[in-house]
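Undergrad: Test case, fold it:
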Amino acid sequence: MDYEKLANLLFPNVNKTPEDYEIIYPERDLPQGAKVTRLGPSPTGFIHLGNLYGGYVDERLAHQSGGVFFLRIEDTDDKRYVEGALDLIIDGLEFYDIRFDEGASKSGDCGAYGDYTQSHRGEIYACFAKKLVSEGKAYPCFLSEEEISAIREGQVERKEAIGVYGDYSPWRKASYEEVEAKVNGGEPFVIRLLSTGNPNQSGDDAKRFQVEDAIRGTLDMPVNFLDVVILKTTGIPTYHFAHVVDDHLMRTTHVVRGEEWLPSLPIHVELFEKLGWEPMTYCHTAQLMKIDENGNKRKLSKRKDPELSLGYYREKGYHPASVKEYLLTVLNSDFEEWRIANPEADIDDFQFSTEKMSSAGALFDMDKLNDVSKDVMLRIPAAEIIDFLEKWAEEFKPEAMHIFDDKEYLSKIIDLGRNDQKPRKDLVYAQQIVDFISYFFDDMFKREEEYPAEVPAEDIPVILKGYLESYDHSDDQSQWFDKIREMGSGLGYAAKPKDYKKDPDNYKGHVGHVSTVIRLALMGRSQSPDLWTIQQILGEEKTRARIQEEIARLERNL
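TA: Reported below is the predicted structural model:
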């Protein structure tokens, strides 16, 4: 077979050579040790947690080493393309401060290694496919879908490896004349890699290779034996081929991707070998897992788990700093220890390391995210939280926009208890925060709980009236509580909870039950930050008005 002649038959319009592209895309001029990473999402319109998870690894590896992080749009599967997906990808990741140094952008490509959209790079893939054909390392295959299905059915019946390879690929040994007749007749064909692996080898005779994974260490795997498709009938490359060509020409040094790509690694290693290139360093991350309602660990699912979508966290209103900080606890085993030692440090000061990443399933835990968020929100100044809340409310809760009319008032609410010796950690995400502080606003105020059972119904208006009679807004906290204790004692409630505990038959309840009545009248809930401080923020007029309204409501219902 004259492979050069065959290559010219199949690719008559390819004029550039591989050497031309090596000149167009030279080695990058970067400091020694600098890493070049990329994120390569598909433009499906669905931005998921895995994109952010992997993107954060990419960003840290590149930027901590003085390297380059770029965005490449991997749109070779045109059936999955969604209009406007690029904007969704960029906006979704920028919200979490994942920013690219070069690559595809909303205003066009930025950088010297484009085009950064794979569907625009057809001539490049054709050039390197032609190279492989010209060297006898790839060939045209005219098998129809029906013929491939028949091959697979036979392989299943005989319990053989599934796929096109060896004797199951009749076009491996076709003559030039046979191929020429098919091409001239307009028959569709794909280009397949001519694998040198042997599917019949087993045990100690099986050929294997080793590669160093930056997360998993040494990987020992059998070599590829499948004649995989590298160019489809449309001329569009498969992921296998496009990624190898692009990452070589764009001078990527580290490829971060999910462990679901591990079975494809032998194919990619063989492609690098056939093209005469050194593979870059692979970093196969663990899959994101969750504990389901039955207590079983399983992979996060797009169909079952709304929390896989980044839109879920935007809609709930998680601060991007909270999500990033939580992801680091999942990504690096020593992050939490570092954070304890550096409670006020910028998250970017943490030295991220692939060696500290788990190769087992990474467990995503919403409860843990909420706990991390409480700590993160405590470090963010009230003014920044208010700005974040306002932007969130504008998009997701416009009916609450009025709470931003008086930002000085709102700032006092947000800071309530946050500067105490043991600061309160009540703020988690925007939706929760707005609900949590709603009792400060009359139009959002609602009674959510019943009065304590220890307090007889007829005592409740008596307590509230007595409270109003003695209430002095200028009292300090000690004076204020002494009055509640004195009033409660006069109504038969123990002045101290421990007194009630010792002799419950001698009291109706204790002072805590009395103060809970006041708290419920003012806030509609039994759990809240410090009641005296809340009243100072509400102001005397609103405090008195709310108690009076509750007394009136109770009397109407008698």
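
Undergrad: Show me what whatever helix or strand V376 lives in is packed up against.
TA: Using DSSP states H and E, V376 sits in helix 366-379. Packed against helix 366-379 by the contact rule (3 or more Cβ pairs under 8 Å, 6 or more residues apart in numbering; DSSP states H and E) you find helix 320-331. Heads up, the C-betas are built off the backbone N, CA and C, glycines and all.

Undergrad: which residues sit against the helix it packs on?
TA: Here helix 320-331 makes contact (Cβ atoms under 8 Å, 6 or more residues apart in numbering) with 52-53, 56-57, 95-97, 313, 335-336, 339, 347, 350, 352, 356-357, 362-364, 368-369, 372-373, 375-377, 380, 429.

Undergrad: For that helix, what is the distance to the chain centroid?
TA: Averaged C-alpha coordinates place helix 320-331 at 9 Å from its chain's average position (Cα atoms, centre = their mean, to the nearest Å).

Undergrad: same check, this time on stretch 197-213
TA: Centroid separation for stretch 197-213 versus its chain: 36 Å, with Cα atoms, centre = their mean.

Undergrad: is it true that V183 touches A174?
TA: No. Counting by Cβ atoms under 8 Å, A174 is not a contact partner of V183; they are 11.2 Å apart.

Undergrad: higher neighbour count, those two?
TA: A174 (19 against 16; other Cβ atoms under 10 Å).

Undergrad: The residue lying closest to I236 once chain neighbours are set aside: neighbour count?
TA: Nearest residue to I236, sequence neighbours excluded (Cβ to Cβ, 6 or more residues apart in numbering): T76, at 5.2 Å. Residue neighbour count, defined by other Cβ under 10 Å, stands at 23 for T76.

Undergrad: show me where pLDDT drops low in the chain?
TA: Flagging of the chain using pLDDT under 70 yields the residue ranges 81, 201-205, 558.

Undergrad: does E549 sit in a helix or strand, and which one?
TA: Per DSSP H and E: helix 540-556 holds E549.

Undergrad: can you list contacts of that helix?
TA: Residues from elsewhere that reach helix 540-556 (Cβ under 8 Å, 6+ apart): 442, 445, 460-461, 464-465, 467-468, 471, 473, 518, 521-522, 535, 538.

Undergrad: Kindly report the same for stretch 141-148.
TA: With Cβ under 8 Å, 6+ apart, stretch 141-148 has contacts from 151, 164, 169-171, 182, 187-192, 227, 229.

Undergrad: CA atoms of it as PDB?
TA: What follows is stretch 141-148, C-alpha atoms only, in PDB (Å, rounded to 0.1, in the frame of the first residue of the first chain):
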ATOM      1  CA  CYS A 141     -13.200   2.400   7.300                       C
ATOM      2  CA  PHE A 142     -16.400   2.000   5.300                       C
ATOM      3  CA  LEU A 143     -18.300  -0.300   7.700                       C
ATOM      4  CA  SER A 144     -21.900   0.600   8.000                       C
ATOM      5  CA  GLU A 145     -23.800   0.800  11.300                       C
ATOM      6  CA  GLU A 146     -25.600  -2.500  10.400                       C
ATOM      7  CA  GLU A 147     -22.200  -4.200   9.800                       C
ATOM      8  CA  ILE A 148     -20.800  -2.900  13.100                       C
END
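
Undergrad: And the strands in the stretch 401-550 of the chain, which stretches?
TA: Using DSSP state E, counting those that start in this stretch, the strands of the stretch 401-550 of the chain run over 493-494, 509-510.

Undergrad: H240: which of those is closest?
TA: With Cβ to Cβ as the measure, strand 509-510 is the member of the strands of the stretch 401-550 of the chain nearest H240 (72.1 Å).

Undergrad: Report the distance from that closest one to the chain centre.
TA: 49 Å.

Undergrad: Who are the packing partners of that strand?
TA: Identification of packing neighbours for strand 509-510 by 3+ Cβ pairs under 8 Å, 6+ apart yields strand 493-494, helix 497-502.

Undergrad: I would like the residues contacting that strand, please.
TA: Strand 509-510 is contacted from outside by 452, 454-455, 488, 493-497, 499-500, using Cβ under 8 Å, 6+ apart.

Undergrad: mind redoing it with 6 Å?
TA: With contact meaning Cβ atoms under 6 Å, 6 or more residues apart in numbering, strand 509-510 is reached by 454, 493-494, 497, 500.

Undergrad: In a markdown table: those residues, plus distance to K159 and neighbour count.
TA: Converted to a markdown table, the contacts of strand 509-510 look like this (distance: Cβ to Cβ, whole Å; neighbours: other Cβ atoms under 10 Å):
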| residue | distance to K159 | neighbour count |
| --- | --- | --- |
| E454 | 73 | 18 |
| Y493 | 80 | 25 |
| A494 | 80 | 24 |
| P497 | 74 | 13 |
| Y500 | 76 | 21 |
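
Undergrad: and of those residues, the nearest to M401?
TA: Nearest to M401 among those: E454, at 40.4 Å, using Cβ to Cβ.

Undergrad: Return the distance of the closest one relative to G512.
TA: Using Cβ to Cβ, to the nearest Å, E454 is found at 9 Å from G512.

Undergrad: ok, now which ones touch D115?
TA: By Cβ under 6 Å, 6+ apart, D115 lies in contact with R121.

Undergrad: does it sit in a helix, a strand or a coil?
TA: coil (DSSP: H, G, I helix; E, B strand; the rest coil).

Undergrad: gap between it and A521?
TA: D115 is 66 Å from A521, by Cβ to Cβ.

Undergrad: again, but for T196
TA: In terms of Cβ to Cβ, T196 sits 82 Å off from A521.

Undergrad: more crowded one of the two?
TA: The neighbour comparison of T196 against A521 (other Cβ under 10 Å) goes to A521, with 24 against 13.

Undergrad: correct me, but the residue nearest to I236 touches Q118?
TA: Yes. Using Cβ atoms under 6 Å, T76 is in contact with Q118, at 5.2 Å.

Undergrad: shared neighbours, the two?
TA: Shared contacts of T76 and Q118 (Cβ under 6 Å, 6+ apart): A242.

Undergrad: and C283, what are its phi and psi?
TA: The phi/psi pair for C283 (degrees, to the nearest 10) reads phi -130, psi 100.
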